[in-house]
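**Student:** Make a model of this:
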Amino acid sequence: MSVQPEDRTTLDMFTVAQRGRPRKNPYDRTLQCRVNKRTQRQRDKQRGVQRLEIRLEQTIVQQLDKSCEQLGLNRAQVLELALKQWLHL
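**Tutor:** Residues are numbered from 1 along each chain as shown. Modelled structure (predicted):
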């Protein structure tokens, strides 16, 4: 019988008992990050939001951060507003 690292039901059957305070999350950090990223993608998909990665020059990012502080918004919100205005949406 093989063990899947993401298996929550048989977790205690195949692990060695450890002394000390029990950990809150039984997974190692890399697996936690993968699971969290997967659930974040699922939430975004349900909300109708799609991820986009871009590369910008440092000066543009600094100016964007200044605009974010003035408007009280985060980067994604400011970029979304700018793109909507530019695309006439």
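**Student:** Could you give the average pLDDT over stretch 81-89?
**Tutor:** pLDDT averaged over stretch 81-89 equals 93, rounded to a whole number.
**Student:** residues making contact with that stretch?
**Tutor:** Stretch 81-89 is contacted from outside by residue 73, using Cβ atoms under 8 Å, 6 or more residues apart in numbering. (C-beta placed from N, C-alpha, C; glycine too.)
**Student:** how does it look with 10 Å?
**Tutor:** Contact partners of stretch 81-89, identified using Cβ atoms under 10 Å, 6 or more residues apart in numbering, comprise 52, 64, 67, 71, 73, 80.
**Student:** roughly how far apart are the first one and residue 83?
**Tutor:** Spelled out, it's residue 52. Remark: distance between residue 52 and residue 83 (Cβ to Cβ, to the nearest Å) = 10 Å.
**Student:** quick revisit: check the contacts of stretch 81-89 and tell me the two furthest apart.
**Tutor:** Within these, 52 and 71 form the most distant pair, 19.9 Å apart (Cβ to Cβ).
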